[in-house]
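**Q** from the sequence below, what's the structure:
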Amino acid sequence: MSHHKHALVIGHTGVVGGNLASHLINLGDWKVTGVARNSLATTTGVTPITVDLLDRNATLQALSGLRPTHLYFTTWTRRDTEAENIKANGAMLANVLDAVAPARSLRHAALVTGTKHYLGPFESYGASKPDTPFTEDRPRLPGENFYYTQEDILFAQAATHGFGWSVHRPHTIVGYALGNAMNMGVTLAIYASICKETGQAFVFPGSRQQYEAVTDMTDARLLARHLTWASTCEAGRDEAFNVVNGDLFRWRQMWATLAEEFGLVNGGFPSQPMPLAQQMATSGPVWDDMVKKYGLQPHALDRLASWWHTDGDLGRDVECFNSMTKSRAAGFGEHHDTAQSFRELFVLLRGNRIIP
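**A** Residues are numbered from 1 along each chain as shown. Below you'll find the model as predicted:
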């Protein structure tokens, strides 16, 4: 088959990149090359490249011979401070663009960031108390934010080399991926499975504010379709977009739905927050026993569950939801039911013997 579009997916083993790569392969008219630090788990049909993007020389050597038409940057690395995040994440994007952009084969480069664009970095998360819904025309917050640095690198390279760009700002992502640092869906599935095994109540671990507030989420498959849409139509060129499922919910409603899915007692919100990092601190042996008992895939607990990130999302004391008006007006009309996103993920996790 002749491919007129060649996608270079940076972070193709993650929750965003993996679902994007699968979507492009299923469309049938894309050649897909995937880049990751560890490309052992590769989507069928993807040509993998293993390289550490922080190693500039290795990145230039690995990618300079490629001629992608579309670049999707879906990865990040976490450091202790935002200054270090800026240095590391800015370098990774710059190294990739310096490798592939000079050939001038690129038509479009898409950058995935997120709602911290509006809330600020982890060091000052939500300190600005932004009003909802978040809209793309909102000015940047003062202070450091590696998303802003990445945007500026992208804008400068696009101006120099003549390709279009788009920036995609999802909220909390639900989707199938293992070993991903920001995957609440898998983390909550592991938490629920341990609760069921030990007979403990399924209590909401975050803040009362987040339990009661209106919020939204992003299905990784919808994000994949949004990335494809924006990168292949004129309406998506040189624009930043929020991308969420399009429905709204309160966690007190969703928590009851999740409890029912696992046949658990809904513990609701207790008298005070009970972070998962504390609740699950000694659950490693419990999980190891469950893996043996139920014949699960032999993944360590800390590879599957990202307690710290889920605690950060559910522990916020600000309301957080995003407007999709700009995407709708530009022609992207897709949506997804968030409760169904969770249900479909749980089916995949059970089918692949990740949870009982």
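**Q** the closest residue to residue 202 other than its chain neighbours and residue 14: what is the separation?
**A** Sequence neighbours aside, residue 264 is the residue nearest to residue 202 in space, at 4.1 Å (criterion: Cβ to Cβ, 6 or more residues apart in numbering). C-beta: built from backbone N, CA, C; applies to glycine. Counting by Cβ to Cβ, to the nearest Å, the gap from residue 264 to residue 14 is 29 Å.
**Q** tell me which of those two has more neighbours.
**A** Neighbour count, other Cβ atoms under 10 Å: between residue 264 and residue 14, residue 14 has more, with 27 against 18.
**Q** show the backbone phi and psi for the more buried one.
**A** When quoted as degrees, to the nearest 10, the phi and psi of residue 14 stand at phi -90, psi -180.
**Q** what about it, distance to residue 38?
**A** Computed as Cβ to Cβ, the residue 14 to residue 38 distance reads 11 Å.
**Q** would the residue nearest to residue 202 count as being in a helix?
**A** No: assigned with DSSP: H, G, I helix; E, B strand; the rest coil, residue 264 falls outside any helix and is coil.
**Q** wait, it sits on residue 195?
**A** Yes: the pair residue 264 and residue 195 passes the contact test of Cβ atoms under 8 Å, sitting 5.6 Å apart.
**Q** what's the overlap in contacts for the two?
**A** Residues touching both residue 264 and residue 195 (Cβ atoms under 8 Å, 6 or more residues apart in numbering) are 201, 202.
**Q** can you get me a residue count around residue 85?
**A** Other residues within reach of residue 85, judged by other Cβ under 10 Å, total 22.
**Q** just the one 3 residues further on next, same as before
**A** Neighbour count of residue 88, defined by other Cβ under 10 Å: 16.
**Q** renumber starting at 44 from here on
**A** Noted, 44 is the first residue going forward, which turns the last one into residue 131.
**Q** from the contact counts, what lies against the helix or strand hosting it?
**A** Taking DSSP states H and E as the definition, residue 131 sits inside helix 125-143. Here helix 125-143 touches strand 48-53, helix 99-106, strand 113-116, helix 189-204, going by 3 or more Cβ pairs under 8 Å, 6 or more residues apart in numbering; DSSP states H and E.
**Q** tell me the most buried of these?
**A** Mean neighbour count (mean count of other Cβ atoms under 10 Å) peaks for strand 113-116 among the helices and strands packed on helix 125-143, with a mean of 28.
**Q** that one pairs with which strands, and in what direction?
**A** The strands beside strand 113-116 in its sheet (DSSP bridges) come out as strand 48-53 (parallel), strand 151-155 (parallel).
**Q** what sits up against the longest one?
**A** Where contact means Cβ under 8 Å, 6+ apart, the residues beyond strand 48-53 that reach it are 60, 63-64, 67, 72-79, 89, 96, 106, 109-118, 135, 139, 143, 148, 275.
**Q** need the buried ones from those residues selected in PyMOL.
**A** Command for PyMOL that selects the buried part of those, burial taken from 16 or more other Cβ atoms under 10 Å:
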select buried, resi 60+63+64+67+73+74+75+76+77+78+79+89+96+106+109+111+112+113+114+115+116+117+118+135+139+143+148
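**Q** show me where the protein has strands.
**A** Taking DSSP state E to define them, one finds strands in the chain at 48-53, 73-79, 90-93, 113-116, 151-155, 207-213, 216-217, 245-246, 257-258, 261-262, 282-286, 292-293, 309-311.
**Q** state the mean pLDDT of the fifth one.
**A** For strand 151-155, the mean per-residue pLDDT is 98.
**Q** hmm, who's touching that strand?
**A** For strand 151-155, the external contacting residues (Cβ under 8 Å, 6+ apart) are 59, 112-117, 136, 140, 144, 193-194, 197, 200-201, 206-211, 213, 266, 270, 273-275, 280.
**Q** and stretch 337-355, what's buried?
**A** Judged by neighbour count (16+ other Cβ under 10 Å), stretch 337-355 contains these buried residues: 339, 342, 344, 347, 348, 349, 350, 352, 353, 354, 355.
**Q** how long is that stretch end to end?
**A** Stretch 337-355 stretches 30 Å from its first residue to its last (Cα to Cα, to the nearest Å).
**Q** what's the average pLDDT for that stretch?
**A** 94.
**Q** remind me which residues of the stretch 94-243 of the chain are low pLDDT?
**A** 169-170 (pLDDT under 70).
**Q** could you export stretch 48-66 as PDB, CA atoms only?
**A** Taking Å, rounded to 0.1, in the frame of the first residue of the first chain, the C-alpha atoms of stretch 48-66 are listed here in PDB:
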ATOM      1  CA  LYS A  48       1.000  10.500   5.100                       C
ATOM      2  CA  HIS A  49       3.900   9.500   7.400                       C
ATOM      3  CA  ALA A  50       3.200  10.000  11.100                       C
ATOM      4  CA  LEU A  51       6.100  10.300  13.600                       C
ATOM      5  CA  VAL A  52       4.500   9.600  17.000                       C
ATOM      6  CA  ILE A  53       6.800  10.600  19.800                       C
ATOM      7  CA  GLY A  54       5.800   8.600  22.900                       C
ATOM      8  CA  HIS A  55       4.000   5.800  21.000                       C
ATOM      9  CA  THR A  56       3.900   3.500  24.000                       C
ATOM     10  CA  GLY A  57       2.000   5.900  26.200                       C
ATOM     11  CA  VAL A  58      -1.700   6.400  26.800                       C
ATOM     12  CA  VAL A  59      -1.900   9.200  24.200                       C
ATOM     13  CA  GLY A  60       0.700   8.000  21.700                       C
ATOM     14  CA  GLY A  61      -0.400   4.400  21.800                       C
ATOM     15  CA  ASN A  62      -4.100   5.200  21.100                       C
ATOM     16  CA  LEU A  63      -3.100   7.600  18.400                       C
ATOM     17  CA  ALA A  64      -0.800   5.100  16.700                       C
ATOM     18  CA  SER A  65      -3.600   2.500  16.700                       C
ATOM     19  CA  HIS A  66      -6.100   5.000  15.300                       C
END
